[in-house]
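> predicted structure and sequence below. I'll ask about it afterward.
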Amino acid sequence: MALEKYIRNIIDFPKKGIVFKDITPLLGSSKATSECLQLLLQSLDHQKIDKVVGVESRGFFFATLLAQQLNAGFIPVRKPKKLPFDTISASYELEYGFDSLEIHTDAIQPGDKVLIHDDVLATGGTAKAVCELVEQLGGEIVQVNFLMELSFLNGREKIKEYPFFAAITY
């Protein structure tokens with residue numbers, strides 16, 4: 001199945017000059033969602049995963065599915081002041097601005113085998129920040145995976161020390 005046909009381009013969103021990759025058509029198709037999930041799972045080659053970290057907000061969709069299939073815990077990484085317990089944070093640069101992310105301080109235990117999932121790898125700033133959070137808590141990153149990679153933005157360079165997978169590459 002060509003998963004790319006389920007990704008819709010939205011021109012000038014969230015600001016002029018950006019082509020946003022809308023995954024809602026993919027999520028609206030149970031067949032496409034299932035195939036994408038299987039691709040993401042196959043990329044792990046049966047490695048043990050204790051926790052799946054999903055990045056706000058579109059990363060949550062597949063991260064929760066991955067966690068369920070892997071019999072692992074799901075850990076949300078969110079924008080500032082969205083998590084109710086003690087947190088640590090990391091700042092990063094987006095292709096269209098700056099932001100930061102937070103994770104609960106008790107979300108990952110030292111030695112936990114961690115899969116990080118987000119919807120898209122663009123410039124790599126978000127992914128790098130999440131890797132820093134996981135490692136600060138003592139987690140061991142097994143893989144960083146994505147629904148899509150925008151390879152022309154060279155985001156993989158920022159996370160090149162980690163195993164990587166993207167179901168779709170543009």
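In hand now; what should we look at?
> going forward, measure contacts and count neighbours with C-alpha atoms only.
Fine.
> and K113, how far is that from G139?
K113 sits 6 Å away from G139, taking C-alpha to C-alpha, to the nearest Å as the criterion.
> got the CA positions of the host helix or strand of K128 in CSV?
Taking DSSP states H and E as the definition, K128 sits inside helix 125-136. Output in CSV follows, covering the C-alpha atoms of helix 125-136 (Å, rounded to 0.1, in the frame of the first residue of the first chain):
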residue,chain,number,x,y,z
GLY,A,125,15.1,19.8,16.9
THR,A,126,12.1,18.1,18.5
ALA,A,127,13.6,14.6,18.2
LYS,A,128,16.9,15.7,19.7
ALA,A,129,15.2,17.4,22.6
VAL,A,130,13.2,14.2,23.4
CYS,A,131,16.3,12.1,23.2
GLU,A,132,18.0,14.4,25.7
LEU,A,133,15.0,14.1,28.1
VAL,A,134,15.0,10.3,27.8
GLU,A,135,18.7,10.0,28.5
GLN,A,136,18.6,12.6,31.3
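> beyond that helix, next helix or strand please.
strand 140-149.
> that following strand pairs with which strands?
Strand 140-149 pairs in its sheet with strand 113-121 (parallel), strand 164-169 (parallel), by DSSP bridges.
> need these in JSON lines (columns: mean neighbour count and mean pLDDT).
Output for those, formatted as JSON lines (neighbours: other C-alpha atoms under 10 Å; pLDDT from 0 to 100):
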{"stretch": "strand 113-121", "mean neighbour count": "26", "mean pLDDT": "98"}
{"stretch": "strand 164-169", "mean neighbour count": "18", "mean pLDDT": "98"}
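> picking that back up, counting by contacts, list what the helix holding K128 packs against.
Packing contacts for helix 125-136, counted by 3 or more C-alpha pairs under 8 Å, 6 or more residues apart in numbering; DSSP states H and E, involve strand 87-94, strand 97-104, strand 113-121, strand 140-149.
> tell me which of the ones you listed is the most buried.
strand 113-121 (a mean of 26; mean count of other C-alpha atoms under 10 Å).
> and S29, how many neighbours?
For S29, the count of nearby residues is 12 (other C-alpha atoms under 10 Å).
> distance of it relative to I18?
Per C-alpha to C-alpha, S29 is found 25 Å from I18.
> tabulate the helices and strands packed on helix 125-136 (CSV), appending distance to C36.
Output for the helices and strands packed on helix 125-136, formatted as CSV (distance: least, C-alpha to C-alpha, whole Å):
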stretch, distance to C36
strand 87-94, 25
strand 97-104, 26
strand 113-121, 11
strand 140-149, 8
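> tell me which residue is most central in this protein.
D118 (1.4 Å; C-alpha atoms, centre = their mean).
> tell me the bridge partners for it.
Applying DSSP bridges, one finds that D118 bridges with F146.
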